[in-house]
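[1] Predicted coordinates and the sequence they were generated for:
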Amino acid sequence: MVDVGSKAETARLARAAGSIFMEAATLALIQSGSAKKGDVLGIARIAAIQASKRTGELIPLCHPIALTRVNADFVIDTANNAVHCEVTAECFGKTGVEMEALTATSVGLLTIYDMCKAVDRGMRIEGIRLLEKAGGKSGHWLAK
């Protein structure tokens, strides 16, 4: 792991996003809450938050971080038969939270896939990316 011992502790924030595209009937199941496995978006939200907290265990050489806040939002997009996920992760520490936000986004979308795969194996997860990073020596960064 990279030595962060001499770095100053600062407020850190990262936002990440991604989307899952599916058949209209699959999206209707999610919207109506009638998926066989239950509340798809509610469970995906919990999965995203849990994943953010376990990032240091999942990604080699990634520092374990004491997160102070994680928010996972899911937006239904009926025009494109998609669910968009955006995660914000925050901490006060010596290293950033980009990996936590990206991991949470990935696992949230994978949870939607898992919960709906019996009815739609053709779902596509796309566009997982960092949107914003703030804090630390490198300062503030926004995706273009």
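    All right, it came through fine.
[2] The nearest residue to Ala44 once chain neighbours are set aside: neighbouring residues, count only.
    Sequence neighbours aside, Thr111 is the residue nearest to Ala44 in space, at 4.2 Å (criterion: CB to CB, 6 or more residues apart in numbering). Where you see a C-beta, it was placed from the backbone N, CA and C, and this is true even at glycine. The number of residues packed around Thr111, counting by other CB atoms under 10 Å, is 23.
[3] repeat for Asn71
    Asn71 has 16 nearby residues by other CB under 10 Å.
[4] quick one on the thing from earlier: spell out which helix or strand contains the residue nearest to Ala44, please.
    Here Thr111, judged by DSSP states H and E, is contained in helix 98-116.
[5] Name the residues of whichever helix or strand comes after that helix that are buried.
    Per DSSP H and E, the first helix or strand lying C-terminal to helix 98-116 is strand 124-134. For strand 124-134, a neighbour-count test (16 or more other CB atoms under 10 Å) marks Ile125, Leu130, Leu131, Glu132, Lys133, Ala134 as buried.
[6] try stretch 105-125
    Buried, per 16+ other CB under 10 Å, within stretch 105-125: 105-113, 115-116, 120, 123, 125.
[7] with those residues in mind, which one is nearest to Phe21?
    Met123 (6.6 Å; CB to CB).
[8] ok, back up a step: closest one of the buried residues of strand 124-134 to Glu23?
    Ile125 (14.6 Å).
[9] for this protein, what spans make up the helices?
    24-32, 40-53, 55-58, 98-116 (DSSP state H).
[10] so of those helices, which one's packed in deepest?
    helix 98-116 (a mean of 24; mean count of other CB atoms under 10 Å).
[11] Quick one: low-confidence residue ranges for the protein.
    The model of the chain has no residue with pLDDT under 70.
[12] centroid residue for the protein?
    Ranked by distance to the mean C-alpha position of the chain (CA atoms, centre = their mean), the top residue is Thr105 at 1.6 Å.
[13] who are the neighbours in contact with it?
    Ala16, Ala17, Gly18, Ala48, Ala72, Cys85, Glu86, Val87, Ile128 (CB atoms under 8 Å, 6 or more residues apart in numbering).
[14] ok, the first one touching Val97?
    Read it as Ala16. No - counting by CB atoms under 8 Å, Ala16 stays clear of Val97, with 9.6 Å between them.
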